[in-house]
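Peer 1: The following comprises the amino acid sequence and a computationally predicted model.
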Amino acid sequence: MTVNVVAKTRCEIDAITRRLCHGLNGCLPPRPSNSRVAGFEGTGNGRLCFPDAPECDVIRNQSMNTPDQLQIIFGRRSIRVFKPGKVDEATIKMLLQAAMAAPSAVGKDPWRFIVVQKQETLATLAPELANGSMLNTATLCIAVCADLDAAHDRQLSYALQDCAAAIENLLLAVHALGLGACWLGVHPREEKIGRVKEIFGLPDSVMPVACIAIGHPGEAKEARTRFDSAYVHWEKW
Ligand SMILES: Cc1cc2nc3c(=O)[nH]c(=O)nc-3n(C[C@H](O)[C@H](O)[C@H](O)COP(=O)(O)O)c2cc1C
């Protein structure tokens with residue numbers, strides 16, 4: 001279904017979008033089951049309109065069209081329940097390659113990774129992190145750290161941004177390969193930083209950023225976006 005919209009101002013676009021969100025409800029064509037994402041309203045032709053009014057909440061959680069190419073992004077969710085199962089070394093290397101394909105400031109790549117597979121170490125880490133008990137059932141954990149000596153301008157802020165980009169790539173790769181993962185925050189909590197540094201014997205210049213629990217998913221979560229038009233400004237704040 002194609003909908004042509006003519007509007008002169010952002011307000012008009014918002015108003016028309018709201019009407020479309022209502023008007024299209026119930027008249028969307030069938031879609032393939034592998035291209036559904038909660039939170040987006042589709043026009044049936046792969047285009048998106050955005051539910052930005054309270055009245056759209058009725059259909060906000062319905063499944064709608066999204067481009068197949070973006071399924072990996074919308075389908076990635078924090079998985080906190082794991083089933084037993086191995087993750088082979090080739091897969092782990094692939095995940096690390098994906099992480100290190102992320103952008104980094106001036107290409108400095110200050111990210112460093114510690115791959116933890118020993119049950120004993122996972123159990124030691126578990127009580128130190130929020131929701132960390134999932135590490136007791138995860139197959140592995142990848143601790144993502146920032147080497148401040150390697151960061152652009154030796155700035156922690158650049159290093160953290162670079163590591164966050166690498167982490168998101170890692171999470172997307174995990175999901176793409178049919179595994180599940182959860183970001184367990186370390187930085188900026190001083191007590192967590194201290195314990196993780198101690199557990200891994202990190203040098204002073206290396207800052208632990210997060211631990212990523214990885215394993216075979218033991219829970220299924222719906223693909224979705226948390227899109228909110230109130231968070232978006234056009235041209236000016
Ligand atoms: C910086 C950061 C720290 C996080 N720390 C934790 C954590 O310590 N424990 C946890 O269970 N989830 C943690 N998460 C995951 C978020 O809770 C999760 O991404 C959010 O609720 C959205 O859900 P989703 O990942 O399924 O889309 C963290 C995420 C980020 C970006």
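Peer 2: Perfect, thanks for sending it. Residues are numbered from 1 along each chain as shown.

Peer 1: how far does the strand of greatest length in the chain sit from the chain's center?
Peer 2: If you go by DSSP state E, the chain has its longest strand at strand 206-217. Relative to its chain's centre, strand 206-217 lies at 13 Å (C-alpha atoms, centre = their mean, to the nearest Å).

Peer 1: do the same with stretch 159-176
Peer 2: 8 Å.

Peer 1: That stretch near the ligand at all?
Peer 2: No - shown here: stretch 159-176 not in contact with the ligand (C-beta under 6 Å from any ligand atom), separated by at least 7.3 Å. The C-beta positions use only the backbone N, C-alpha and C, and glycine is treated the same way.

Peer 1: so what's the most centrally placed residue in the chain up against?
Peer 2: The chain has residue 168 as the residue nearest its centroid, 5.3 Å off, counting by C-alpha atoms, centre = their mean. By C-beta atoms under 8 Å, 6 or more residues apart in numbering, the residues touching residue 168 are residue 102.

Peer 1: What's the per-residue pLDDT of it here?
Peer 2: On pLDDT, residue 168 comes in at 99.

Peer 1: Please report the distance of it from residue 206.
Peer 2: When C-beta to C-beta, to the nearest Å is the yardstick, residue 168 and residue 206 sit 21 Å from each other.

Peer 1: same thing with residue 139?
Peer 2: 24 Å.

Peer 1: Can you list the residue ranges for strands in the protein?
Peer 2: 36-38, 41-42, 48-49, 63-65, 82-83, 111-116, 140-147, 180-185, 206-217.

Peer 1: What average pLDDT does the third one get?
Peer 2: Just to be clear, that refers to strand 48-49. Taken as a whole, strand 48-49 has an average pLDDT of 36.

Peer 1: And the last one, by the same measure?
Peer 2: Here strand 206-217 scores 99 as its mean pLDDT.

Peer 1: And the first one, by the same measure?
Peer 2: Per-region confidence: strand 36-38 scores 64 on mean pLDDT.

Peer 1: tell me the contacts of the residue nearest to residue 122 when sequence neighbours are not counted?
Peer 2: Once flanking residues are discounted, residue 122 sits nearest to residue 135: 4.5 Å by C-beta to C-beta, 6 or more residues apart in numbering. Applying C-beta under 8 Å, 6+ apart, we find residue 135 in contact with 122-123, 125-126, 129, 141, 184, 211, 213.

Peer 1: Switch those residues over to a markdown table; also include neighbour count and distance to residue 67.
Peer 2: Listed next are the contacts of residue 135 as a markdown table, based on neighbours: other C-beta atoms under 10 Å; distance: C-beta to C-beta, whole Å:
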| residue | neighbour count | distance to residue 67 |
| --- | --- | --- |
| 122 | 21 | 37 |
| 123 | 13 | 42 |
| 125 | 24 | 38 |
| 126 | 20 | 38 |
| 129 | 22 | 35 |
| 141 | 27 | 32 |
| 184 | 25 | 31 |
| 211 | 30 | 32 |
| 213 | 31 | 29 |
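
Peer 1: Noted, bye for now.
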